[in-house]
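**Student:** 3D, please:
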Amino acid sequence: MRYNVLISIVIFAFSTQFFCEPRVVVLGFDGADPQLIEQWIDYLPNIKNLQKRGTVIPIATTNPSHSPVAWATFATGNNPGKHRIFGFLKRNIGQYKPEYAVAKAKNFVFLKSWQKIIILILVAVIFFGICYIFVRRYKWGLQLALVAGFVPSLLVFYALNSLIPQQIPYAIPLKKGTSFWTTAGENNIKTDVIMAPIAFPAEKVSCGHLLCGFGVPDLLGTNGTWGVYSSFNRKTYSTETGGWQYPLIFDGTSYTGNVVGPKNLIAREEYFKLLKEQSRTTDINSISQIRNRIAKLQQKLQLTLPLFAKKRGKEIEISIQKNKQLLKQGQWSDWFFLRFDMSPLLSLHGAVRVYISSIEPEINFYMTPVQFSPQDLPANVQLSFPKDFASKIVNNVGMYSTLGWASATNALKDEAISEEAFATDLQNILQSRKNIFLHMLEQKQDLLVSVFYFTDRASHMYWRFIDKKHPLYKANSQHKLLDIYKEMDNIIGLAHAKLEKDDILLVVSDHGFKSFRWQVNLNTWLLKNGYLYLKDTDQKRSDMQVRDLFERSRLLQDIDWKRTKAYAIGLGKIFINLQDREPTGIVKKEDYQSLRLEIAKKLKQFTFQQEKVVNNVFMQEKVFVGPYSHEAADIVVGFSDGYRVSWQTSLGGVPKNIIEANNSKWSGDHCSVDPQLVPGVFMCNHKISHQDIHLQDLAPSILNIFSVKPENVDGKVIKILNK
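**Tutor:** Reported below is the predicted structural model:
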């Protein structure tokens, strides 16, 4: 008997060793560049070890080489024509103005009329019944019970109609196709995904967990609306990339300002009802009353919180609600947890951090975008799957930034914060997300996917330190970007150390990087080449801002559509003003192809200072294959190294000059660059079956390790030679 047990144990041990599928850890590093890795390989010992024993090669990225596009392809194994993500912005068929490409808000009726009636009846019956039990013996017992049931139902009726929004916005994902982590969960593969890109609202992982990353908005519904508060400033105004400058007013004892929060849904519903009522009313007295009510409501459309700043010697005390922190110059605060009250029954919770830029002679501090607080999420926000997973992470490793684009890149570009503030913030975000990864690495799941974004954010801002041709090149600062790559190498080493011999480590980046020395104003090029016309050629052209994408009132307002054949908006995208598609299209269908070829030919001949500006031009049907291809741009421009579409072009602007020097600290990029010039990197701790791989091959290859074959994907299977 004893020998039979021993034999069983041995057989089990051998079967576990030779027949169980390996554990798979997938690390994503946004923007990690294969050329820099090769250049710095001696400083990256863990990657050098992978290169020696396994695989370190470039991997082809998507066209266009934008992060949302690339990560959606990584997740689904499909080209953009199938997953429907073509960039940060998406064509809105039948309109000139695009919409946000990753997700959109859709309003749902909170409670329908019949549901309200049922609730009121239930409340009345319950209170009537309870009261009647106690007063039925009295002379007026029945009447008292009826009143007791009627009054609470009136209060509930008031609450349902005045203290709760009638419609609640929900985020609807625009990405199509199924992510490989969802397929893995459906096949009973224990799967955890950390900081999942383009997966908001949280995708379901039926046998595991998912925490959303890139693509999560802030509490205002934007990609990150930050603020700078100054006692020197006297006006409120916005910056190019979506930040705001706010004044601090001295009241004799402290400086006061306002934290701008989310929309007040209740006030907005009443506001739009009054606007409709005003348009239907002809009585002068009624119109005057309505206008007064509208004027009062305009002050309530956005929820705000008062903040106070007091100088205390060489420190400053920042107070928001019950949160108080004493901070020094050059110091980041801990998290401020905020509550925005929409009504006595409804509050929204957020979190911010503050960086003190100066105290004397004037107070100046930066505030991060108001982010979702994982432990107080609104009912309509799905930050993780299961929903409580986001808060459990806080319990295990502490508070973390929930914003998809968490780093203060835009604030540094707009010169709103210092180099030191940005670097410290980047490290703080890196460390908190590294802690989440290390915590999940200990959970021993079958498949662990963790995506880090610090490599991309640092590359955008630090490329000027490694490119001698950049206008803002700074010698002896190369180490700033190298240190970021060392951090990546360290994470790879920590993951590799936790794996068994036959376990599989995959490391991938969505794209690489090139220098951003020159801004190309595509709309200005179209203007000067006779494809775009303005309503008034003599008017002063105002600079566009990111907020115009959300407010939309100024977007593309200066273009004369009755004469314009082509226009640009977004990152390297040109759209044809086609008849029967655009609202006032003038290009006939029979001229569509020849016009695109003509524009493409001229762009390829476009030079500046004897350099080729455009490396390649791509036609819609040549790049995108699938049911959503028609939503893509008609022409996709792939710029040469050193050139990128301008910030103003991405917002639909038409500046004076075609090419301008990029004097911004945002000095490296990949968006609108020819994808062939910015491949990503692929690493594995084992050899692979072949070297010519594309980002879309990762999803089917990962599933193939677990003997799962996804349906209808573009990617091919790359076999891991781990035996």
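**Student:** all strands for the stretch 501-650 of the chain, in order.
**Tutor:** Ranges of strands within the stretch 501-650 of the chain are 504-508, 514-520, 566-568, 573-576, 607-608, 611-612, 614-619, 635-639, 642-645, based on DSSP state E, counting those that start in this stretch.
**Student:** So which of these is nearest Leu556?
**Tutor:** strand 566-568 (7.0 Å; Cβ to Cβ). From N, CA and C alone the C-beta is placed, and that goes for glycine too.
**Student:** any idea which residue sits dead centre in this structure?
**Tutor:** Gly215 (2.7 Å; Cα atoms, centre = their mean).
**Student:** can I assume that one sits in a helix?
**Tutor:** No - going by DSSP: H, G, I helix; E, B strand; the rest coil, the assignment for Gly215 is coil, not a helix.
**Student:** Give me the neighbour count for Lys719.
**Tutor:** Using other Cβ atoms under 10 Å, Lys719 has 13 neighbouring residues.
**Student:** From Ile484, how far off is the closest residue to it other than its chain neighbours?
**Tutor:** Of all residues not flanking Lys719 in the chain, Ser689 sits nearest, at 3.9 Å (Cβ to Cβ, 6 or more residues apart in numbering). Look at Ser689 and Ile484: by Cβ to Cβ, to the nearest Å, they are 32 Å apart.
**Student:** still on that earlier bit, so what does the residue nearest to Lys719 look like in phi/psi?
**Tutor:** phi -70, psi -30 (degrees, to the nearest 10).
**Student:** Now do the contacts for the residue nearest to Phe180 when sequence neighbours are not counted.
**Tutor:** Counting by Cβ to Cβ, 6+ apart, Phe180 lies nearest to Ala699, which is 4.0 Å off, once chain neighbours are set aside. Residues in contact with Ala699 (Cβ atoms under 8 Å, 6 or more residues apart in numbering) are Phe74, Ala75, Thr76, Gly77, Ser179, Phe180, Pro710, Val713, Gly715.
**Student:** Tabulate the residues you listed in TSV, adding columns for distance to Lys565.
**Tutor:** As requested, the contacts of Ala699 are exported to TSV (distance: Cβ to Cβ, whole Å):
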residue	distance to Lys565
Phe74	36
Ala75	36
Thr76	35
Gly77	37
Ser179	39
Phe180	42
Pro710	42
Val713	37
Gly715	37
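**Student:** Now secondary structure and distance to Glu21 too, for those, in TSV please.
**Tutor:** As requested, the contacts of Ala699 are arranged in TSV below (DSSP: H, G, I helix; E, B strand; the rest coil; distance: Cβ to Cβ, whole Å):
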residue	secondary structure	distance to Glu21
Phe74	helix	21
Ala75	helix	21
Thr76	helix	22
Gly77	coil	19
Ser179	coil	20
Phe180	helix	15
Pro710	coil	16
Val713	coil	20
Gly715	coil	20
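**Student:** Ok, which of the strands of the stretch 501-650 of the chain comes nearest Ala184?
**Tutor:** Proximity to Ala184 (Cβ to Cβ) singles out strand 504-508 among these, at 13.5 Å.
**Student:** Now for Leu481: which residues touch it?
**Tutor:** Counting by Cβ under 8 Å, 6+ apart, Leu481 makes contact with Leu36, Ala458, Ser459, Tyr462, Trp463, Phe465, Ile466.
**Student:** Show me those that map onto helices.
**Tutor:** Cross-referencing these against helices under DSSP state H gives Leu36, Ala458, Ser459, Tyr462.
**Student:** one step back: can you give me the neighbour number for the residue nearest to Lys719?
**Tutor:** 12.
**Student:** For it, which residues are in contact?
**Tutor:** Counted by Cβ under 8 Å, 6+ apart, Ser689 has contacts Ile718, Lys719, Ile720, Leu721.
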